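Student: A predicted structure for the sequence below; I have some questions about it.
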Amino acid sequence: MIAATQDPFVVEKIGLTVFGNEYAEVPVSWGLDDLVFARLRAAAGATPLRRIAYAKGAFEAYYHPKPSLFRNEREELSNLIRQIAGNASCERYVVVTRGEGVLPGTKLPLRGVGILNRGVGPINHSFLYAYLGVTVFDGQTFEVRKGPGVTLEGVMKRMADNFVQDEHLRKVDNSLFPVTAADAASNTTLRDNIREFLTERLDKILPPYFAQ
C-alpha cells in the first residue's frame with residue numbers, strides 16, 4: 001500500500017465574501033501517513049500488507065499540477081504509482097491520497113485534511129474536515145480496479161449518509177481554530193482531534209476494499 005496524505009494540514013477561513021477567505025497549507029509532523037497505514041493494516045485483517053516507500057516530493061506534481069485545460073488525474077496517478085512500485089511485484093496496490101469535496105451549501109472546494117472557520121465576528125463556527133481518496137491498482141497493468149462504492153448499494157448508502165449529515169465534517173469548538181495558521185503545527189489538542197477524526201473516517205471507508 002502507498003499512503004500519500006503527506007502531512008500538510010490546511011487552515012482555512014471562510015468569510016461572507018471571497019475577500020474574507022484565507023487558505024494555508026501548514027507542514028506538520030503528526031504521522032498522518034503512519035496512521036493511514038495502521039488503519040489499512042487493521043482493515044486488511046489476514047490479508048498480507050506491505051508498505052511501499054517513495055521519494056520525498058514524488059506527489060508534488062500530482063497535488064500541485066501546472067495549469068492545463070485537459071487533465072487526466074487517473075492516468076497521472078496510475079503512471080506515478082507504476083514508477084513508485086518499481087519491482088515490488090504486488091498483486092494490487094491500495095493508494096490513499098488527499099481527496100477533494102465541496103463545502104455544503106457553497107461551491108467552495110475543501111481539500112485533504114484540515115480545519116475551517118466560517119462566519120464573521122461573533123457569528124462563526126469551526127469544523128474539522130477529512131477528504132481522502134482510496135484507489136486500488138492492478139499489480140500487473142496498473143489499471144484502476146472498481147471500488148466498493150461503485151455499486152447500487154454503495155451509492156444508495158452514500159446518498160443516505162450525506163442526506164443525514166456531511167460525514168467529512170466535524171463541528172468543533174472555536175477555541176480549536178488556531179490564531180495564525182502556523183500555530184496549528186504546535187497545537188497538540190488540534191493534532192489529537194484530527195487524528196481521532198481521521199481514524200474514524202478511515203475505519204469507515206477502508207474495510208469494504210478488503211471485503212471484495
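Tutor: Everything's here; your move. Numbers count the residues shown, from 1 in each chain.

Student: from here on, contacts and neighbour counts on C-alpha atoms
Tutor: Noted.

Student: Quick check on the residue nearest the centre of the chain: phi, psi?
Tutor: Against the mean C-alpha coordinate of the chain, by Cα atoms, centre = their mean, the closest residue is Leu132 at 2.6 Å. Leu132 has phi and psi values of phi -120, psi 150 when expressed as degrees, to the nearest 10.

Student: Skipping its backbone neighbours, what lies nearest Pro104 in space?
Tutor: Asp166 (7.7 Å; Cα to Cα, 6 or more residues apart in numbering).

Student: Residues contacting the lengthiest helix in the chain, please?
Tutor: Under DSSP state H, the helix in the chain containing the largest number of residues is helix 188-205. Outside helix 188-205, the residues that touch it by Cα atoms under 8 Å, 6 or more residues apart in numbering are 30, 32, 35-36, 39-40, 43, 114, 128, 130, 168, 170, 176, 184.

Student: Look at Ala58 and say how many residues are nearby.
Tutor: One way to gauge burial is a neighbour count; for Ala58, by other Cα atoms under 10 Å, it gives 14.

Student: Next one, pLDDT for it please.
Tutor: As predicted, Ala58 sits at a pLDDT of 94.

Student: check which helix or strand covers it.
Tutor: Applying DSSP states H and E as the criterion places Ala58 outside every helix and strand.

Student: how far away is it from Ala181?
Tutor: 25 Å (Cα to Cα, to the nearest Å).

Student: now the strands: where do they sit in this structure?
Tutor: If DSSP state E is used as the criterion, the strands of the chain fall at 2-4, 8-14, 22-27, 92-98, 100-102, 109-111, 113-120, 123-130, 132-138, 169-172.

Student: Pull out the buried positions in the fifth one.
Tutor: It stands for strand 100-102. Buried positions in strand 100-102, judged by neighbour count with 16 or more other Cα atoms under 10 Å: Gly101.

Student: Pipe the strands of the chain into JSON lines and attach mean pLDDT and distance to Phe197 per row.
Tutor: JSON lines is the format used below for the strands of the chain (pLDDT from 0 to 100; distance: least, Cα to Cα, whole Å):
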{"stretch": "strand 2-4", "mean pLDDT": "94", "distance to Phe197": "17"}
{"stretch": "strand 8-14", "mean pLDDT": "94", "distance to Phe197": "14"}
{"stretch": "strand 22-27", "mean pLDDT": "94", "distance to Phe197": "18"}
{"stretch": "strand 92-98", "mean pLDDT": "95", "distance to Phe197": "15"}
{"stretch": "strand 100-102", "mean pLDDT": "92", "distance to Phe197": "16"}
{"stretch": "strand 109-111", "mean pLDDT": "92", "distance to Phe197": "15"}
{"stretch": "strand 113-120", "mean pLDDT": "92", "distance to Phe197": "10"}
{"stretch": "strand 123-130", "mean pLDDT": "94", "distance to Phe197": "8"}
{"stretch": "strand 132-138", "mean pLDDT": "94", "distance to Phe197": "12"}
{"stretch": "strand 169-172", "mean pLDDT": "95", "distance to Phe197": "8"}
